[in-house]
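Student: From the sequence below, what's the structure:
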Amino acid sequence: QVQLVESGGGLVQAGGSLRLSCESSGRTFGSAVMGWFRQAPGKEREFLAAISRGGHNTYYSDSVKDRFTISRNNADNTVYLQMNRLKSEDTAVYYCAANLRDELAVRNGAAYDYWGQGTQITVSS
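Tutor: Here you go, the predicted model:
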C-alpha cells in the first residue's frame, strides 16, 4: 500500500509562486512514475506534469509547461511541483499520484494507482 501526502498549498496572489510537495510511504516510490493533477470546481481532473522513475524525463500540459516544474528526490520519497507566475485560473485542488503499472501512460489519470488527498491552491487576482 502506498500513501501520498501533499503539502504546500494555500492562498497566493496572482503572479506569485508556490511549491507543492508530495511524500510517499512505502518502498515503491522509485518504481513509480509520479504525476500532478488538479481539479477545479465544476471541471474535470486535469493532467499537469509527470516525471519518470529516475527523474530523467518530464512531461507537462501546455497550460503549465512554461510556468511549472516537476522534480523528485527518490532518496526522500518526495515529488515536487514548483509553480511560478500563478494565475487565477490555477485555482483548484492539486493532487499527486503514483503510476506503478504503465510508465508510458503518464498523462492519463486512469493509469495512476495511488492518489493523495489533495491540497487547495487559491490564486487571488
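
Student: list the contacts for the spatially most central residue of the chain?
Tutor: With distances taken as C-alpha atoms, centre = their mean, Trp36 lies nearest the centre of the chain, 2.1 Å away. Neighbouring residues of Trp36 by C-beta atoms under 8 Å, 6 or more residues apart in numbering: 20, 22, 48-50, 68, 70, 79, 81, 94-97. No exception for glycine: its C-beta is placed from N, CA and C like everyone else's.

Student: Pick out the most distant pair among those.
Tutor: Maximum pairwise distance among the contacts of Trp36 (C-beta to C-beta): 15.4 Å, between Phe68 and Ala97.

Student: quick one, which of the two is more surrounded?
Tutor: A side-by-side neighbour count of Phe68 and Ala97, using other C-beta atoms under 10 Å, places Ala97 first with 24 against 20.

Student: State the number of residues packed around Asn73.
Tutor: Using other C-beta under 10 Å, Asn73 has 13 neighbouring residues.

Student: Okay, and the beta partners of it?
Tutor: Going by DSSP bridges, Asn73 is paired in beta bridges with Thr78.

Student: Likewise for Ile121?
Tutor: Gly10, Ala92.

Student: pLDDT at it, what is it?
Tutor: At Ile121, the model reports a pLDDT of 98.

Student: Ala14 against Ile121, yeah?
Tutor: No. Under the criterion of C-beta atoms under 8 Å, Ala14 makes no contact with Ile121, lying 11.9 Å away.

Student: so what's Val79 up against?
Tutor: By C-beta under 8 Å, 6+ apart, the contact list for Val79 reads Ser21, Cys22, Ser24, Met34, Trp36, Ile51, Ile70, Ser71, Arg72, Asn73, Cys96.

Student: at 6 Å instead, please
Tutor: Cys22, Met34, Arg72, Cys96 (C-beta atoms under 6 Å, 6 or more residues apart in numbering).
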